[in-house]
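Structure for the following, please:
(chains A and B, ligands or ions: 2)
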Amino acid sequence: MKKEFKYVGGTFPCDHGVRKVTGDLDYCCDVKLPNMLYAKLLLSPIPHGIVKKIDTSRAEKVPGVIKIFSHFNAPDKMFSTYRIIPGQQMCIADETLFAERVKYVGDRVAAVVATSFAAAREAVSLIDVEYEELPALLTPEEALNNREVKIQPRGNVAHEYVVDVGDVPSTTEDCITMESETYTQRIHHAAIEPHGCIAYYDSSGKLTIWTPTQSVYGVRTVVAELFDLKYSDVRVIKLPIGGSFGGKQEFLFEPVTSFMAMETKRPVKLILDREECIVHTRVRPEVKSRIKTTVTKSGKLLELVADSTLNAGAYSGAAPDYVTTLSQKVCKLYRIPHYRHSGRAVYTNTVRFGGSRGWGAPEIITAVEIHMDQVAKKLGMDPVEFRLQNLVHPYDMDQVLHLSLGNARVIECLTKGAEAFRWKERYNSQDKQGRYRRGVGVACGAHKNGMYGGFIDSTSMVLKMNEDGSLNLNASIHDVGCGIGTVMKIIIAEVLDIDLDLITVTEADTEYTGYDPGVYGSRVTYVVGACAKKTAELLKDQILENAALILGKPKEYLRVENGCVYTVGEAEKRVITYKEIAEKAVRENFRCLNAAYTYYSTSNPGSYSVQFAEVVVDTLTGLTSVTDFLAVSDIGRALNRGMVEGQFQGAVQMGIGYALCEEIKIDDKGRPLNNSFANYHMLTALDMPDVKVLLIEHEGDDGPFGAKSIGEISNVPTAAAVVNAVNNALGTSLSDLPVTPDKILAALAEQKKVGAC
Amino acid sequence: MLIEFKVNGKSYNLDVCPSLRLIDLLRDELGLTGTKEGCGEGECGSCTVIMDGKAVNSCLVLAPQVDGKEILTVEGLAQDGQLDLLQQKFLEHSAVECGFCTPGMLMSAKALLMKNPHPTEEEIRTAIAGNLCRCAGYSKVVAAIKAAAGSTDRSPGQVE
Ligand code: FES
Ligand code: FES
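Residues are numbered from 1 along each chain as shown, chains lettered A, B, ... in the order given. Ligands and ions are numbered 1, 2, ... in the order given. Here you go, the predicted structure:
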C-alpha cells in the first residue's frame, strides 16, 4: 500500500531562509563581541625548515597590536585536530599551536592579536622570521624513496593497510584481465564562507567558542584536552555556516584562537582570507590508485586488486582513517568474489589533506569507474550492461565491513537512468568525427549512512510543546548548509501533523544541547532524523495521554489531525486543539509535554547514485563542456525535495570541476600555484548544464520515513561519469585528473601518432 | 576624505580613508553585514552590491568611487517588511542552501531585472556568472530568477 505523506517529500525553504535572503543572519565574520580583538596568522613561505628566530620589534610598533605569538611563547603540547572523542583510535597527535619546524608552505608560524583586523594584518607583514631550510619532499614518491628526511618522527608513512576478502572462484570460462592507473588531484573544498572562529575566556575560567564547525563536541574534546580544562568549562556554540563539504570537520583554528583568547583575556576573532583557506586549511587529498581486474568474457567480475597511495600532506589529521576508508567503498557497489586493496597514506611537505565530501569515495570510485569502462570496452560490451551484471543487489552483505547494504537499489538507478537518459541510443550513435566530438558517460557510486559499525552513532534530543502549542526541538543540530533544521521540522510535522512554522530547532551548543558526535559519514538525516521521528512519536503519545484525560476517553479512541486531537468511532466527533491540550496539561493535569530520547543507530545501509553525462569536446582547443547531466539516486525517501535536488546539482558542480578543471598544483619550491579564486577554477552558472535529478524512493531501512543520505553520495560518481564521457567522445583512456585541455590535446596527438604508424 | 553617498535610500556624509573598500565601508562603518566577503579579489561575487544601477564587487570599489553614488545592498531589497519577489522566489525554489553566496547572487539578479525585466536563461546565467555558489549548482537560482522575472509587474518593492 502506498503511504501518503503530508509534509515529507514536499519542498520547504531552508531554516533561517528569510534571514539568509535579507542578509540578517550572522555568520562568524559578522559576529562582533564587546572588547573583541582580531587575529591574523603568519604562515610559512617555505615547505620545510626550522623557525630559528622571530623578530617582532617592527610589528609591535603598529598601533593596536596587543600580543604576538609563536612557538617561542606558546605551549608545545601536541594535539590532533581530528579527534572527536577522548582516546580515539587512529588519531595521531602531531601538531602544536605554532610550528617550531614548519612542514609545508602554509604551516602556522606566528599570530598577531590586535584591536583591529587592519592592525593585525599590517603587523604580520612586519614580522621577520629566520628559517633554517631543510630539504622538502613534495610528492609521495619522493617521500617514500627518501630515507634521510623524515617529515614526522615516525617516518614518512602515516598509515598502511591491506584488506583481502573472498576467493577467486574457479571458472571454465575464458577471462580477460585489465590494469589501469588513475590519479585524482588535490582540490579545495571552496566553501564560499572563509574559515574562522571566535573564542573568549572569561574571568571564571570558562572558555566559550563560537564556530561554524561540523562537531561542537569534537571541538570541546580537542580544546579541553589541550588546555587541561574541564569538558564542562568549554562551551562550544555552532554558528551558521557558509558551506563546509568536510572542510570544517576538523578542529582547525579553535585551539589556536582559544589560546590567544586565554592569553589576552579578551574575545579573539580569527577569520582567514581566501589564500589562507586554500593553503592552510585542508584539501581533498591527491590519490593514485592502480586497479587490476579479472573478468569472464561474458562480463562477470571475478577479482579486483587495488593499490592506493594517498598524499596526506605534512600532518596526520584524518589520514589513517581516510586511507582505510578508500578500501571500504568498492564492495558497497560491486559484487566481487575476491577483493584485495592495499594502501598507504604518505606524508609530504605539502598542504594538509582533510575529510572531504564522500570521504575517499570520489577518489576510489573515480578510479574504479574509469577502470570499469575500460573493461567494458575490452569486452566489447555496453558499459551499462557490463555494470548491471556486477552491481550489488538489495540486502547484499558488504563483505568488507560485514554489514547489510540494506535496500540497495543501484541496479534500479542504472536501468531507470539509462532509460531516462536514452543511453542506448546516445551511446551507439555518437558524433565522433570533426572538430567537436560528442560523447556520453556513465558511472555508479555508493556511500554510507552513518558511523554504525565502528564508531559511536547516537544522538539525544528533547522535544517540548509549549502551552500555546508551539514546539522547541532541543538538539545538537549542525546545519552545514543543507537545511537539516528544516528536515527535522518536516519529520516532526509529519508525525504530529502540524505546521512547520510552529517548530523551532536549536543548533548545537555543548552547554545546552545533548551529545551528538557531529556531521560525519552522512549520518545526520539517517540517524539524527530517526531520533527526531522517535522523539516526536513519544511527544505524540504524551499529547494523546493528556487529551485522553481531558476528554475522558482512552487514548486508543483518539487520533491526531491538523494540530488537533479527534475522537474516533463516535457519532458526534469531539475535537481539541494542541494548544488547548498543552495549556490544560499544565493547568489541570499538572503535566508537561516534554519528550526526551537517545537514539542509537543499529544499521548502515548503502546510498547509491548513478550519473550520466554528455560532453562536447573541442578537439582544436581541448576544451570540454558538459552539455547534459542526469543524476539518479537511491535515497530511500526525499524529505525536502527541492533541497535534495539542489544538493545534487551542487554536488555535480563540484564533481565536474573535479573531472575537468579544479586542482591545487604545487611548484618545485613547494608553493601552491592555485592559491586564489583567480587561478583556481570552479564552474560558474555559464559553464553548468541543467542537471536533472531522478530520485528512486523505496523504504526498507531505518531512516526517518525510509530516508537515506544524499550529501556525500551525490558527489561520488560525478567525475567518473564526465571523464568516461570524454573518453567516449575521443576514443581515449584518460585517467589523469583533471582532464584539462592540455591533457586532452596530448592524448589526441598520441592517438594520431599511433594511428599514423 | 569626505564622501557623500546613499545606501538603501539613506544619505550619508562620512569622513573616510581613501583606501577603504566599499565592502568595509558597508560592513564595518554602517553595520550592513549582509554583504559577504568570500575572496576579496573580485572573483566570487559574494560581495556584490548595486551601485547606480550596476552590479559591482564591493571588494574592488574604493571609498572615493562611492562619492555621489547610490548603493543598494541586500538589506535594501525588502520594503516595509515585505520580501522582494526575488527573495521570495529564491526561498520557494530552494535556491538558498548555506546562504553565504545568496546576498551577492540576489544583487546580481536584481541588477539584471532592473535593466532587463524579462531576461532569457542565457542572460540570467551571464548575469550571475561572477557569483560562485558551491552548494546549489545554480539550477535553482536560475529557476528562481526566471520565476521572479515572469511576474515582475506584481513584485513588491520592485524597482521600476
Ligand atoms: S569578496 Fe568580492 S568578489 Fe569575492
Ligand atoms: S548557497 Fe552556499 S554557496 Fe551558494
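
Can you list the neighbours in contact with stretch B:58-66?
B:1, B:3, B:5, B:16-23, B:25-26, B:35, B:37, B:39-42, B:47-49, B:51 (CB atoms under 8 Å, 6 or more residues apart in numbering or on different chains). In this view, the C-beta of every residue, glycine as well, is placed from N, C-alpha and C.

Quickly list the domain ranges of chain A.
Using automatic domain parsing, the domain parsing of chain A gives A:17-22+A:453-600, A:31-134+A:195-271, A:283-449+A:603-756.

what residue ranges in chain B are flagged as low confidence?
Under the criterion pLDDT under 70, the flagged ranges of chain B are B:151-160.

re earlier: of the contacts of stretch B:58-66, which belong to helices?
Residues of these located in helices (DSSP state H): B:22, B:23.

Using the three-state scheme, assign the spatially most central residue of chain B.
Centroid-nearest residue in chain B, with CA atoms, centre = their mean: residue B:107, separated by 2.2 Å. With DSSP: H, G, I helix; E, B strand; the rest coil as the basis, the three-state label of residue B:107 is helix.

ok, the nearest residue to it once chain neighbours are set aside - contacts?
Using CB to CB, 6 or more residues apart in numbering or on different chains and skipping the chain neighbours, the partner closest in space to residue B:107 is residue B:48 (4.4 Å). Counting by CB under 8 Å, 6+ apart, residue B:48 touches B:35, B:55-58, B:103-105, B:107-108, B:111, B:130-131.

Distance check, the residue lying closest to residue A:567 once chain neighbours are set aside against residue A:323.
Once flanking residues are discounted, residue A:567 sits nearest to residue A:574: 4.6 Å by CB to CB, 6+ apart. With distances taken as CB to CB, to the nearest Å, residue A:574 is found 63 Å from residue A:323.

Which of these two has more residues huddled nearby?
residue A:323 (27 against 14; other CB atoms under 10 Å in any protein chain shown).

Touching, residue A:594 and residue A:462? I think so.
Yes. Contact criterion CB atoms under 8 Å: residue A:594 and residue A:462 qualify, at 6.6 Å.

Tell me who's in contact with the residue of the stretch 501-650 of chain A found nearest ligand 2.
Ligand 2 sits closest to residue A:650 of the stretch 501-650 of chain A, with a gap of 7.6 Å, by CB to the nearest ligand atom. For residue A:650, the contact set (CB under 8 Å, 6+ apart) comprises A:714, B:97, B:133, B:134, B:135, B:136, B:137.

any idea how far residue B:124 is from it?
With distances taken as CB to CB, residue A:650 is found 18 Å from residue B:124.

Can you list the residue ranges for helices in chain B?
B:22-24, B:63-66, B:85-92, B:102-115, B:121-127, B:139-150.

The longest one to helix B:85-92, inter-axis angle?
It refers to helix B:102-115. Angle, helix B:102-115 to helix B:85-92, by axes from the mean of the first three to the mean of the last three CA atoms, to 10 degrees: 130 degrees.

ok now helix B:102-115, how far from the chain's centre?
With CA atoms, centre = their mean, to the nearest Å as the basis, helix B:102-115 stands 5 Å off its chain's centre.

just to revisit the earlier point, pick the one among the contacts of residue B:48 closest to ligand 1.
Ligand 1 has its nearest neighbour among the contacts of residue B:48 in residue B:57, at 4.1 Å by CB to the nearest ligand atom.

So what's the residue count around the residue nearest to that closest one when sequence neighbours are not counted?
Nearest non-adjacent residue to residue B:57, counting by CB to CB, 6+ apart: residue B:42, 4.6 Å away. Neighbour count for residue B:42, taken as other CB under 10 Å: 16.

Tell me the spacing between whichever residue of the stretch 201-350 of chain A sits closest to ligand 1 and residue A:559.
When scored by CB to the nearest ligand atom, the stretch 201-350 of chain A has residue A:274 as its residue closest to ligand 1, at 7.6 Å. Distance from residue A:274 to residue A:559, counting by CB to CB: 55 Å.

still on that earlier bit, the contacts of stretch B:58-66, buried ones only, as a PyMOL selection?
Applying 16 or more other CB atoms under 10 Å in any protein chain shown to these leaves a buried subset, and the PyMOL line that selects it is:
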select buried, chain B and resi 3+5+16+20+21+22+23+25+26+35+37+39+40+41+42+47+48+49+51
